[in-house]
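Chemist: I would like to see how this sequence folds:
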Amino acid sequence: MLHAFDGTPLEMDMRSTLDKIAASLEGTFAVSLDALTEHMSVQAEDRVVIDPAIWEAVARAIERRDILRADYRRFDGKSGPYEIEPLHLLAYHLLTWIRETLRERGELRDWKRLRRLLSTHSLVTTVLPLADGRVLRIRKPSRPDPEQALLYQKLRIDWKAAFPPLKSFAKP
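Modeler: Alright, predicted model coming up:
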């Protein structure tokens with residue numbers, strides 16, 4: 001399970017943590033490695049503060065669809081150039097914010113389960129051809145089920161305001 005962290009600073013800390021958990025348990029039992037791996041994730045304790053000038057550069061790069069080039073240093077000390085799509089960087093930070101916010105508010109499901117749960121909340125577009133040749137499009141959100149509504153509440157998202165119904169006409 002720890003093979004992905006061999007030779008990194010995390011390996012010793014993770015081994016120590018797992019050894020402490022094992023020592024605190026009584027009796028003998030078996031644990032499915034797949035089940036344990038699915039429910040375990042690693043997040044750094046320290047949050048790195050990023051200079052606002054870097055965020056401005058990222059915003060400009062997103063607008064221009066540029067690729068950012070950075071010098072990436074691995075745990076083993078090797079470094080080399082790394083290309084970053086700015087939109088991916090922004091998405092990663094949004095994902096991190098969502099996971100941390102939900103964790104702080106007691107939601108402990110992993111990202112795979114959260115994504116699966118929210119994937120059924122959708123926007124529905126109805127297309128109606130009119131007698132005069134125009135096309136009316138009406139887009140409305142489906143109503144979230146109670147579990148989905150609870151997640152939106154934990155994220156302080158007003159789903160009705162976030163997905164207002166839209167009506168548009170297209171000319172022939």
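Chemist: List the single closest residue to Val58 in space, sequence neighbours excluded.
Modeler: Leaving aside its sequence neighbours, Val58 sits nearest to Pro86 (Cβ to Cβ, 6 or more residues apart in numbering; 4.8 Å). Heads up, the C-betas are built off the backbone N, CA and C, glycines and all.
Chemist: Tell me which helix or strand His93 sits in.
Modeler: Under the criterion of DSSP states H and E, His93 resides in helix 86-104.
Chemist: And Lys167, by the same measure?
Modeler: strand 166-170.
Chemist: gap between that strand and the chain center?
Modeler: Centroid displacement of strand 166-170 relative to its chain, using Cα atoms, centre = their mean, to the nearest Å, is 31 Å.
Chemist: can you check stretch 154-165 too?
Modeler: Here stretch 154-165 is found 18 Å from its chain centre; the criterion is Cα atoms, centre = their mean.
Chemist: With stretch 19-32 instead?
Modeler: Distance, centroid of stretch 19-32 to centroid of chain: 31 Å (Cα atoms, centre = their mean).
Chemist: Now that stretch: buried residues?
Modeler: Going by neighbour count (16 or more other Cβ atoms under 10 Å), nothing in stretch 19-32 comes out as buried.
Chemist: what about the very next helix or strand once past the helix holding His93, average pLDDT?
Modeler: Sequence order places helix 111-118 as the next helix or strand after helix 86-104, per DSSP H and E. Mean per-residue pLDDT for helix 111-118: 90.
Chemist: Would you mind listing the buried residues in helix 111-118?
Modeler: Result for helix 111-118 [16+ other Cβ under 10 Å]: buried residues Leu114, Leu117.
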